[in-house]
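Chemist: Turn this into a model:
(chains A, B and C)
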Amino acid sequence: MLKFTAIMLDGLNYSAWLFLVAVGLTLIYGVMRILNIAHGAFYAIGAYVCASTLGLYYGAGLPEALAFLAMGLVALIAGVVLGLAVERGVLRFLYGKDEVLMVLVTYALFLILGDAVKLIWGVESYFVYQPYAYFGFVEIGGLPYQVYDLLMVVLAVVLGVALWFWLERSRMGRMTTAVVADREISAAMGINVKRIFATTFAIGTFFAVVGGAVTAPKIAVTPGIGVEVIILAFAVVVIGGLGSIPGAAIGAVFAGYARALSVHLAPEFELFAIYAVMAAVLAVRPHGLFAKVSGRKI
Amino acid sequence: MKKIATLACVSTLALTGAAMAQDSIKIGVPVFLSGAAAGPFGEPEKNAAELMFDALNAGEVPAPYNSMGIGGRMIDATFIDEASDAVVEYRNLVERTGVEAVIGYTSSGNCKSVAPVAEELETFTIFVDCGTPQVFEDVVTEPKFLFRTGPTATPDAVGAARYLRDSGYDLSRVAGINQNYAWGQDNWRDFTGALDALGTESKYVSNQMPQLGAGQYGAEVSALLTSSPNVVYNSFWGGDLEAFVLQAAPRGLFARSAVLMTCGEALFPAVGKNIPEGAIVSARGPFSVFAPENDLSTWFAAAYEERFGEYPTYPAWKMAQAVLGAKAAYAKAGEGATAADAAAAMTGLEFEAPSGIVKMANANGHQAIQGIGFGTVTQVDGKPTVENVKFYEAECVSPPADMRAEDWIASGFEGAVCE
Amino acid sequence: MTQTMMKTDFRREPVYIAVLALLLIAGFFLPSWLRFLLQTALAGGLVALGVAIQMRAGLVNFGQGLYYCLGGYAVGLLSAKLGITDVFVLLASAVVVALLAGALLGLLLARYREIFYAMLSLAVSMILYGVLVKAAALGSTDGFNVPPVTYLGWLPEREIRADVVYTLAAVLVVVSCLVVARYLRSGAGMLCEAVAENEIRLEYLGASPKRIVFFVIVTAAGISGLGGGLLAISTGHVDPLMTNWTTSGGFVFVALLAGRGSTIAPVIGFFLLELVQTYALDIAPNAWQMILGAVMLAAILLLPGGLWSLIDRRGKA
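Modeler: Next up, the predicted model:
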């Protein structure tokens, strides 16, 4: 029973994290057809920015409870600035290029940003553990669990629903959906596709940065944290179907529970649990669980 | 006339070239400058190397190393990033940059691939930190130019098992959490082997193997909590170790079980005050808080702290020891010694280091053996230090010269000399 | 792959390969560190060539490192664990193992196109990575060392060993280029481009895109396996990083940038990439990845037709 509780909680917690780091990737792919490897670098930058600004925040002796507000604010600013800089500075010159070429462009950006992070923050670890300790822990069925981890699940749900509402209900979101459906006709209908692209990229980047920022208090922020994230986020997105936001949620749940189950029941296989799920899903549904099947070109 | 001028020019060039070569000794230093190992290993190793090179060049290191440079020559160091193709870059160091000796390497994988190349290129090479015993057991069995001045990983696991037993910990239920790659796998195998050899009749209730660099251990900590072990063995390093402590401590794992971290000393500067009291740590040898008190250790710790604002962690001590090993080898080989002379002189050498006497006792005199200390963490004035320290001498935790580490553990530590 | 790239002029291909052969002969006299770099680059260049021929069919393999790794491990296992040291047996085994794996995976992968082909091949290569990391007997992430090889019973002296391996690598790369050029000129090779252009029309014409794709996957696997075997012999070490996605990413980059003007383009391209990397490491040990990334980005932005377009443009002028 204790084990069951643990698996349910751990799976949920890990799924929430996976969703946060993967949803921006799938959004950007869905709208812009860019499989963004630099997503991992955005995640790392989010973690660094959060750790260093909150370090200053606590150093100045400001109230602890408001640190979370500062965290959100910093992530928002960093996400938008970074997203727009990359989109306006590099990507816009390359729209219409082959998808695979864009993967390489973002790979090059990943390398550049990775070293930029190193030049700015050095190689020593950064820590900001105060937020993680702030809420303490609760015992759930005899298992001590950090409240911060549970709040991360809430955050993932709130942000996911907000994104869905934006896409479904807001004018800008509807236009974005139209661009996803058909870029050329949308442009012909007078939708400013360039603006949609810039906005989407900024939002996608914001999600990556938030993912890094909320993870920072749990980890040592060190060089290389973005590399793992990229592959995990890819797996989640491919399981769910590239470009689908509900798909990212389902993919995150699949991958999250696959990992939790293997950690508790067969720890030796933890390393490839997620890849195995990905390969299995793709073998049955070649384009992921939620992908729209597009017609073959004639 | 023009010809003569050219000739004169060439000969002056040749002369200055020769003079330069006499004045300086080029040393290549491969350490991690990027990736996850750059912070915990690369940085302290690079710092320690720079400190030692500068101090040696200025003749500021205490006796017996108070002469200038190495072998009377000024040190000219080239640092390269270990996080690249190790064999290609090693060759480039030797053949393109033209270094005379190489001091470095932290990754066991890199050590294994570089080892035969060092012998092939006949280049005096000292491995600093990599832990796998295979380097001299399998890869290069008759070394001439290759040395390792740091102990292998075997003493970590063996010493840990002895410490736990000798300190009276309840070893009936034991769990492990180790990174899923060669280092973590070897550590867990040696540790459980050592416990079995000591006859503790432990039950291994959980064996967690998270991916290297996973960073998030929520599920693993849950699994450890639910399997209720008395003792948890952990060989994490770097950011993974720091993240583990930050995530496991608030959930009470340290309160419920005795957690032993073989690389735990490296936590002290960064997250020292987050380590719960009672956690068991080592420094993978007689380094840092486990170092003996002597002129060299006092000087090194103070000089490092003064220059870098931080107490040196164990990788820094290991780098300092490797540099001093090279210096001692050149000194023993005498004036005008070549790298080959130094290598010959280093074989079987015993030299002084901040960690005490280093004996190049194993692998035909190419592998150092050193003791290891363990202790529990206690917070004194908000700063972590160790108490309940037990120190095991080299002969107690290292295999004898003619035995493989794995067989030695399986044999129940045949020939081990323990007090 | 919708962008138009120049077509290969097969009449010129023998000339190009002869040029490569001459370059490799000249390479024999390079300083030993540079020649060693060239030698390892030749091994990787074969894998990049494997990626490049799949690109003709519009397929981008982000997991080609899988075959590279299998070839390397085949050589490593046979020589280090079974004591077989004859280089011809070893390299033949590397190719056979890679061909078999290619055939097996080809059955699965031939159904996929575009980004899904890329992602699934990446997933499969990462599964192999996971398995190898788990395999303590094979040294896990550390990998293991490969002993010196013999040539039909002859073990060269240590002094000339490097010369012999280089010669072997050079000959095999030239031969591979010839074989690939021959394949691309054959029916199965020519139809690759038709797969990329329009599969349905191809089906109407009675050809099976699936079979064409299957063949190109298997061919690419074979030469990549050879590359892996050559690397194992050159560096004397294999480890799971050979099948990591970052390794495969390098191959895709080279294949894409080299352009498809000639079979020798990926081979030369891979050497240039290695050269940039080693000099970046030397000049800026703290920021070499940034230099590498910037060079990549510049190459993509400034040479949309690939490096070969420089040569091609000059040829047409």
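
Chemist: Pick out the residue nearest the middle of chain C.
Modeler: C:V47 (0.8 Å; Cα atoms, centre = their mean).

Chemist: does that residue sit in a helix or strand, and which one?
Modeler: Assigned by DSSP states H and E, C:V47 falls within helix C:32-56.

Chemist: now that helix, how far from the centre of its chain.
Modeler: Distance of helix C:32-56 from its chain centroid, counting by Cα atoms, centre = their mean, to the nearest Å, is 5 Å.

Chemist: how about the residue in the stretch 51-200 of chain A that chain B sits nearest to, phi and psi?
Modeler: At 3.8 Å from chain B, A:V123 is the closest residue in the stretch 51-200 of chain A, using Cβ to the nearest Cβ. In this view, the C-beta of every residue, glycine as well, is placed from N, C-alpha and C. Phi and psi for A:V123, reported as degrees, to the nearest 10, are phi -110, psi -10.

Chemist: Could you identify the helix or strand that succeeds the helix holding C:V47?
Modeler: Following helix C:32-56 in sequence, per DSSP H and E, is helix C:65-76.

Chemist: Which strands or helices does that next one pack on?
Modeler: If you count contacts as 3 or more Cβ pairs under 8 Å, 6 or more residues apart in numbering or on different chains; DSSP states H and E, helix C:65-76 packs onto helix C:32-56, helix C:87-109, helix C:114-134, helix C:209-235, strand C:237-238, helix C:245-258.

Chemist: Now tabulate these in TSV and tack on mean pLDDT and distance to B:P250.
Modeler: Shown next, in TSV, are these (pLDDT from 0 to 100; distance: least, Cβ to Cβ, whole Å):
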stretch	mean pLDDT	distance to B:P250
helix C:32-56	90	47
helix C:87-109	94	45
helix C:114-134	85	30
helix C:209-235	92	46
strand C:237-238	90	42
helix C:245-258	86	34
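
Chemist: Please name whichever of the ones you listed is nearest to B:E43.
Modeler: Using Cβ to Cβ as the measure, helix C:245-258 is the one of those that comes nearest B:E43, at 22.9 Å.

Chemist: The stretch 151-300 of chain C against chain B: which residues are in contact?
Modeler: Contacts of the stretch 151-300 of chain C with chain B, taken as Cβ under 8 Å from any Cβ of the partner chain, map to C:158, C:235-237, C:239, C:274, C:277-278, C:281-282, C:285-286, C:288-289.

Chemist: 6 Å instead, please
Modeler: C:235-237, C:239, C:278, C:281, C:285-286 (Cβ under 6 Å from any Cβ of the partner chain).

Chemist: rewinding a little: quick one: residues contacting the residue of the stretch 51-200 of chain A closest to chain B.
Modeler: Going by Cβ atoms under 6 Å, 6 or more residues apart in numbering or on different chains, A:V123 touches A:223, B:38-39, B:43.

Chemist: Same check on B:E406?
Modeler: So B:E406 contacts nothing (Cβ under 6 Å, 6+ apart).

Chemist: can you list the residues of chain A near chain B?
Modeler: Where chain A comes near chain B, counting by Cβ under 6 Å from any Cβ, the residues are A:2-3, A:6, A:10, A:13, A:123-125, A:129, A:133, A:144, A:146, A:218-220, A:222-224, A:228, A:260, A:263-264, A:267, A:271.

Chemist: Identify the residues contacting the residue nearest to the centre of chain C.
Modeler: Applying Cβ under 6 Å, 6+ apart, one finds that C:V47 lies in contact with C:64, C:68, C:224, C:227, C:251.

Chemist: Any quick ChimeraX command for the buried ones out of those?
Modeler: The ChimeraX selection below is limited to those of the contacts of C:V47 classed as buried (16 or more other Cβ atoms under 10 Å in any protein chain shown):
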select /C:64,68,224,227,251
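
Chemist: and of the contacts of C:V47, the nearest to C:L120?
Modeler: Using Cβ to Cβ, the contacts of C:V47 come closest to C:L120 at C:Q64, 12.8 Å.

Chemist: before we move on, back to that, out of the residues of chain A next to chain B, which sit inside strands?
Modeler: A:144, A:146 (DSSP state E).

Chemist: what's the helix or strand for the closest residue to B:E387 other than its chain neighbours?
Modeler: Take B:E387 and drop its neighbours on the chain: the residue closest to it by Cβ to Cβ, 6 or more residues apart in numbering or on different chains is B:T378, 4.8 Å away. Using DSSP H and E, B:T378 falls within strand B:372-380.

Chemist: what does B:L56 give?
Modeler: Per DSSP H and E: B:L56 is located in helix B:43-58.

Chemist: can that helix be found next to chain A?
Modeler: Yes - contact between helix B:43-58 and chain A, assessed by Cβ under 6 Å from any Cβ, occurs at B:E43.

Chemist: So what does residue 154 have for phi and psi?
Modeler: You didn't say which chain, so I picked chain A. Torsion angles, degrees, to the nearest 10, at A:V154: phi -60, psi -50.

Chemist: my question was about chain C
Modeler: Torsion angles, degrees, to the nearest 10, at C:W154: phi -100, psi 120.

Chemist: just A:G141 next, same as before
Modeler: According to degrees, to the nearest 10, A:G141 has phi 60, psi 40.

Chemist: Please save the CA atoms from stretch B:107-114 in PDB.
Modeler: C-alpha atoms of stretch B:107-114 as PDB (Å, rounded to 0.1, in the frame of the first residue of the first chain):
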ATOM      1  CA  SER B 107      36.900  10.300 -16.000                       C
ATOM      2  CA  SER B 108      37.700   6.600 -15.900                       C
ATOM      3  CA  GLY B 109      36.500   6.200 -19.500                       C
ATOM      4  CA  ASN B 110      39.100   8.800 -20.600                       C
ATOM      5  CA  CYS B 111      41.800   7.100 -18.500                       C
ATOM      6  CA  LYS B 112      41.100   3.800 -20.100                       C
ATOM      7  CA  SER B 113      41.300   5.100 -23.600                       C
ATOM      8  CA  VAL B 114      44.300   7.300 -23.100                       C
END
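
Chemist: the helices in the stretch 1-150 of chain A, which residues?
Modeler: Applying DSSP state H, counting those that start in this stretch to the stretch 1-150 of chain A gives helices spanning A:2-32, A:39-59, A:67-89, A:99-121, A:130-134, A:147-169.

Chemist: can I get these in JSON lines with mean pLDDT?
Modeler: Output for the helices of the stretch 1-150 of chain A, formatted as JSON lines (pLDDT from 0 to 100):
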{"stretch": "helix A:2-32", "mean pLDDT": "93"}
{"stretch": "helix A:39-59", "mean pLDDT": "94"}
{"stretch": "helix A:67-89", "mean pLDDT": "93"}
{"stretch": "helix A:99-121", "mean pLDDT": "89"}
{"stretch": "helix A:130-134", "mean pLDDT": "88"}
{"stretch": "helix A:147-169", "mean pLDDT": "93"}
